[in-house]
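In: Predicted model follows, preceded by the sequence.
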Amino acid sequence: MNAPLRLGIAGLGTVGIGVVKIVRQHRALLAARTGRDISITAVSARDANKDRGVSLSAYAWEDDPVALATRDDVDVYVELMGGTDGPAKASVEAAIAAGKDVVTANKAMLAIHGQALAEAAEAAGVSLRYEAAVAGGIPVIKALTEGLAGNDIKRIVGVMNGSCNYILTRMESAGLSYAEVFAEADALGYLEADPQLDVGGIDAAHKLAILSSIAFGTRVDFDGIELEGIERVSIDDIRHADDMGFKIKLLGVAQRTGRGLEQRMMPCLVPATSPMGQLQGGTNMVAIEGDAVEQIVLRGPGAGEGPTASAVMGDVSDIARGVRLPVFGQPAATLDTAERASAVLPAPYYLRMALVDKPGALAKIATLLGDAGVSIDRMRQYEHSDASAPVLIVTHKTTRADLDVAISAMKTTDVVLSDPVVLRIESV
Ligand code: NAP
Ligand code: HSE
């Protein structure tokens with residue numbers, strides 16, 4: 001057996017304690033698979049006296065994660081505190097500078113500082129691994145970096161935030177409003193400490209930015225993502241979409257276009273019968289399309305103690321085996337700067353609007369769409385109880401630019417009573 005691999009773990013919350021449990025429960029299994037004994041030497045968190053449900057007395061305690069990261073008896077620094085900057089970034093930088101391999105689950109840090117950290121890790125000759133940062137227990141980083149290395153990746157599509165998928169599917173199943181389900185999810189502890197990270201689409205966009213970098217050989221470009229959260233999705237839209245054969249998902253899409261890299265994270269309609277459409281609760285799903293493989297679909301738990309710790313331990317096991325890979329699939333210095341392209345590829349769109357209930361109103365809207373070159377596929381008008389008529393339109397494939405011309409014109413008429421809801425319909 002080779003020399004033992006000694007872990008220092010900073011962050012003893014949901015994920016950190018999950019890792020402690022796996023290291024203890026599967027010590028023999030991990031040793032058999034990696035050829036090394038994997039043990040924990042030291043840990044860190046904010047409160048040394050908190051009862052965490054497992055005894056930590058066998059491990060040295062460090063109040064300061066930077067001190068933990070640079071201890072002589074730590075080979076791999078495991079950062080599970082979270083946060084874009086602060087102690088997470090400082091301690092990861094310190095670990096790299098001290099020649100330690102690093103494993104983290106911190107997508108927020110990688111989405112913003114991934115390039116600099118990758119360059120530092122590669123210059124220092126250490127690993128920086130982060131399987132747990134994207135889609136929890138699903139080994140999507142490994143699939144993209146290793147298993148699909150022989151493919152020119154065309155497109156990545158995915159549901160990557162379990163909390164949002166929980167909210168959207170619960171709204172539908174219980175017939176509750178966004179506000180009601182948001183309050184419920186918050187009370188159940190399903191949302192991040194800052195819920196805006198979830199419902200604003202930011203957490204999922206962090207994950208998409210990381211996947212894009214590996215898939216397209218570009219520097220992580222979080223700011224290049226067109227971002228919209230789920231706060232404006234109404235129970236009416238969920239019902240109407242369902243009526244037309246669609247489900248609403250917070251969908252991440254990254255693809256190469258003739259004009260550059262398109263990255264977006266926003267609520268979209270997907271066919272109700274598609275695997276993505278049928279995804280319930282906190283489950284994540286990522287579809288990857290490559291020229292050789294065509295399409296693979298990965299599905300699994302996107303969060304939680306066991307699934308996320310499972311991903312962390314996959315990385316630790318690779319390090320124990322001596323597997324060393326470029327952080328984003330190719331040397332960080334060779335990654336291109338992404339040329340940003342907004343949603344230029346045409347798609348069908350769903351529009352919902354309230355129209356004045358008087359002769360000619362619908363005709364006016366249809367004319368404005370036609371004038372902008374937007375063709376109507378389907379249209380429905382629903383029952384109305386006052387002077388307004390809810391109208392749904394599904395367009396044929398069109399560009400967002402053409403659609404925006406029509407919508408701007410609609411707003412200047414006297415027949416549209418509120419800003420139309422516009423959702424892209426994505427083929428998945
Ligand atoms: P958590 O339950 O809130 O735990 C965070 C831990 O970090 C706590 O033990 C906390 O200490 C410690 N900590 C926070 N600030 C610290 C500081 N300044 N110095 C030392 N320790 C500090 O978080 P989590 O859910 O385990 O998430 C950890 C990381 O995994 C995050 O990057 C998150 O985005 C990522 N992640 C989480 C999941 C998930 O399902 N939870 C899934 C994928 C990725 P105290 O306990 O003493 O307060
Ligand atoms: N808040 C995240 C989610 C946690 O709901 O998916 C896992 O990254």
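Out: Sure, I can see it. Ligands and ions are numbered 1, 2, ... in the order given.

In: I figured Arg264 was touching Ile225, is that so?
Out: Yes - the criterion here is Cβ atoms under 8 Å, and Arg264 meets it with Ile225 at 6.4 Å. Bear in mind the C-beta positions are built from the backbone N, C-alpha and C, glycine included.

In: Tell me if I'm right that Leu80 and Ala105 touch.
Out: Yes - using Cβ under 8 Å, Leu80 is in contact with Ala105, at 5.7 Å.

In: thinking again about what came up before, between Arg264 and Ile225, which is the more surrounded one?
Out: Ile225 (25 against 22; other Cβ atoms under 10 Å).

In: re the thing from before, what sits in contact with each of Leu80 and Ala105?
Out: By Cβ atoms under 8 Å, 6 or more residues apart in numbering, Leu80 and Ala105 have these common neighbours: Val15, Val312.

In: distance of Cys164 from ligand 2?
Out: According to Cβ to the nearest ligand atom, to the nearest Å, Cys164 and ligand 2 sit 7 Å apart.

In: Looking at the stretch 301-428 of the chain, what residue ends up closest to ligand 2?
Out: Ranked by Cβ to the nearest ligand atom, the top residue of the stretch 301-428 of the chain for proximity to ligand 2 is Ala303, at 3.5 Å.

In: Go ahead and confirm that residue touches Gly162.
Out: Yes - using Cβ under 8 Å, Ala303 is in contact with Gly162, at 4.8 Å.

In: Overlap of the contact sets of the two?
Out: The overlap between the contact sets of Ala303 and Gly162 (Cβ under 8 Å, 6+ apart) consists of Gly136, Gly282.

In: Around ligand 2, pick out the residues from this structure.
Out: Gly136, Asn161, Gly162, Ser163, Glu192, Asp198, Asp203, Gly302, Ala303 (Cβ under 6 Å from any ligand atom).

In: Can you pull up the residues of this structure that come close to ligand 1?
Out: 10-16, 44-47, 50, 65, 80-82, 87, 105-107, 132-133, 136, 303-304, 308.

In: which of the residues of the chain next to ligand 2 tops the neighbour count?
Out: Asn161 (32 neighbours).

In: What sits closest to Ala338 if chain neighbours are left out?
Out: Excluding the flanking residues, the one nearest Ala338 by Cβ to Cβ, 6 or more residues apart in numbering is Thr218, at 3.9 Å.

In: so Ala372 makes contact with Ala409?
Out: Yes - using Cβ under 8 Å, Ala372 is in contact with Ala409, at 7.2 Å.

In: so what's Ala343 scoring on pLDDT?
Out: If you check Ala343, the pLDDT there is 69.

In: all helices for the stretch 1-150 of the chain, in order.
Out: Here the stretch 1-150 of the chain has its helices, by DSSP state H, counting those that start in this stretch, at 14-25, 27-34, 65-69, 86-97, 107-124, 140-142.

In: how is this structure carved up into domains?
Out: Residue ranges for the domains of the chain, per automatic domain parsing: 2-133, 147-301+333-341, 349-425.

In: correct me, but Tyr166 touches Tyr190?
Out: Yes - judged on Cβ under 8 Å, Tyr166 makes contact with Tyr190 at a distance of 6.0 Å.

In: which residues do these two both contact?
Out: Between them, Tyr166 and Tyr190 share the contacting residues Gly282, judged by Cβ under 8 Å, 6+ apart.

In: Of the two, give the one with the bigger neighbour count.
Out: Using other Cβ under 10 Å as the criterion, Tyr166 and Tyr190 rank with Tyr166 on top: 23 against 19.

In: next one: phi and psi at the nearest residue to Thr399 once chain neighbours are set aside?
Out: Nearest residue to Thr399 in three dimensions, chain neighbours excluded: Pro346, at 5.1 Å (Cβ to Cβ, 6+ apart). When read as degrees, to the nearest 10, the backbone of Pro346 gives phi -70, psi 150.
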